[in-house]
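K.L.:
build me a model:
(2 chains)
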Amino acid sequence: MDQFAVKVFVRLRPSVLDPAGEATKSASIKLGAEGIKSLRIGKMIEVKIEGNDENEVRGKIDLLCDRLFANTVIEDYEYSLEKL
Amino acid sequence: MDNFTVGVVVFPGSNCDRDVSWALEGCLDIRTKYLWHESSDLSVVDAIVLPGGFSYGDYLRCGAIARFSPLINALDEFVKSGKRVLGICNGFQILTESGFLPGALVANKNLNFICDDVELDIISSKGGWFNNGDEKQTIKLPIAHGEGRYHCDSDTLKKLLDNELIALRYKNNPNGSSFDIAGITNEKGNVLGLMPHPERACDKTIGGTDGLFTLKSLILK
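P.N.:
Numbers count the residues shown, from 1 in each chain, chains lettered A, B, ... in the order given. Okay, here's the model as predicted:
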């Protein structure tokens, strides 16, 4: 069994308003940061997982992303995977 | 209907379960039974309420973890059999997360937790959830939520409109919901999800009785 480190990024779909991102953008501008065109907040989920090979692990992570980590009605996801 | 029993589901973090039970038993004389989220035997009840609150601390997303409880797994058969399910606030969020109702509920547009009375237009009579006898088309119910902004894509909205699945719309949209949506039903009409709290409007002494009919309609066949 190999161990893999997976980083899952979950983001609100572009069509979904992100009021927390808007509020943070507003605060960033108040801080003096210039040139911010867009600011959106997502989630990053770190998983350490065992599997026989990368394909098997990707299958498990796809299921987790699709059924639990993200609500695909409002969110997109992507992930990176590294063999430890 | 003497033996008719409404199951009130209790998740870790539910906080409107007792209010729902109080309203059904105390105001409507309808028997209730608390159902712990780990139970999957739904044969002991005739209708189910998923109450408001913060199931599993709203971790990940509101309703996302509750979806995987044994009770919600058993709910599919219950719904298919035509029995009635009412999801209030967090219960509505659970129903969308678990796919019983389309769309999703996300953070209010202004990020505030809104606790207020709102006026609502009754849009669809599907399922008979709002047949209040005097054909009143506008009702007033309390809301209390931080993540009640109903969101769906344009195809889903069209489906909701074409099939008359929009049950309630806000008169003055408080949270930025798509199309002012406050509550929807499934196609059969036996599942209703809504952000307002009918159980908090069941007695004149606490401000109104417009929630009575929705709870009473749980006993409809």
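K.L.:
so what does the residue lying closest to A:Ser38 once chain neighbours are set aside look like in phi/psi?
P.N.:
Spatially, and ignoring its direct neighbours in sequence, A:Ser38 is nearest to A:Lys25 (7.4 Å; Cβ to Cβ, 6 or more residues apart in numbering or on different chains). Yep, even glycine has a C-beta here, placed from its N, CA and C like the rest. Phi and psi for A:Lys25, reported as degrees, to the nearest 10, are phi -60, psi -40.
K.L.:
same question for B:Arg200.
P.N.:
Per-residue torsions, B:Arg200: phi -90, psi 10 (degrees, to the nearest 10).
K.L.:
same check on the one 10 residues further on?
P.N.:
Dihedral angles of B:Asp210 (phi, psi; degrees, to the nearest 10) stand at phi -70, psi -10.
K.L.:
give me the element the nearest residue to it once chain neighbours are set aside is part of.
P.N.:
Once flanking residues are discounted, B:Asp210 sits nearest to B:Ile139: 3.9 Å by Cβ to Cβ, 6+ apart. In this assignment (DSSP states H and E), B:Ile139 forms part of strand B:138-145.
K.L.:
go on, A:Ala5?
P.N.:
Following DSSP H and E, one finds A:Ala5 within strand A:2-12.
K.L.:
ok, residues contacting that strand?
P.N.:
Strand A:2-12 has contacts (Cβ atoms under 8 Å, 6 or more residues apart in numbering or on different chains) with A:18, A:21, A:40-54, A:57, A:61, A:64-65, A:69-70, A:74-84, B:106.
K.L.:
which ones among those are found in helices?
P.N.:
The helices, defined by DSSP state H, take in A:21, A:54, A:57, A:61, A:64 from the contacts of strand A:2-12.
K.L.:
what parts of chain B come near chain A?
P.N.:
Listed as neighbours of chain A in chain B under the rule Cβ under 8 Å from any Cβ of the partner chain: B:60-61, B:64, B:68, B:96-97, B:102-104, B:106-111, B:149, B:151-153, B:176.
K.L.:
returning to what we had before: would you check that the residue nearest to A:Ser38 makes contact with A:Lys37?
P.N.:
No. Counting by Cβ atoms under 8 Å, A:Lys25 does not reach A:Lys37; the two are 9.1 Å apart.
K.L.:
compare those two (neighbour count), which wins?
P.N.:
Shown here are A:Lys25 and A:Lys37; by other Cβ atoms under 10 Å in any protein chain shown, A:Lys25 has more neighbours (18 against 5).
K.L.:
contact partners for the residue in chain B that chain A sits nearest to?
P.N.:
Proximity of chain B to chain A (Cβ to the nearest Cβ) peaks at B:Ala104, 4.3 Å away. Contacts for B:Ala104 (Cβ under 8 Å, 6+ apart) come out as A:71, A:73-74, B:96-97, B:150-152.
K.L.:
nearest to B:Asp121, of those?
P.N.:
B:Tyr150 (14.6 Å; Cβ to Cβ).
K.L.:
isn't the closest one right up against B:Tyr170?
P.N.:
No. With contact taken as Cβ under 8 Å, B:Tyr150 and B:Tyr170 are classed as non-touching, separated by 9.7 Å.
K.L.:
give me the common contacts of the two.
P.N.:
Common contact partners of B:Tyr150 and B:Tyr170 (Cβ under 8 Å, 6+ apart): B:177, B:181-182.
K.L.:
helices along chain B, start to end?
P.N.:
B:17-22, B:28, B:70-80, B:90-97, B:154-162, B:212-216.
K.L.:
what residues does the second one touch?
P.N.:
If you take Cβ under 8 Å, 6+ apart as the criterion, helix B:28 is touched by B:202, B:212, B:215-216.
K.L.:
avg pLDDT for it?
P.N.:
The average pLDDT for helix B:28 rounds to 95.
K.L.:
can you check the fourth one too?
P.N.:
Averaged over helix B:90-97, pLDDT sits at 97.
K.L.:
how far does it sit from its chain's centre?
P.N.:
When C-alpha coordinates are averaged (Cα atoms, centre = their mean, to the nearest Å), helix B:90-97 and its chain have centres 8 Å apart.
K.L.:
B:Thr96: neighbour count?
P.N.:
26.
K.L.:
wait, isn't it in contact with B:Asn90?
P.N.:
No. The criterion here is Cβ under 8 Å, and B:Thr96 misses it with B:Asn90 at 10.9 Å.
K.L.:
residues touching the residue nearest to A:Ser38, list them.
P.N.:
A:36, A:38-39 are the contacts of A:Lys25 under Cβ under 8 Å, 6+ apart.
K.L.:
right, I'll leave it there.
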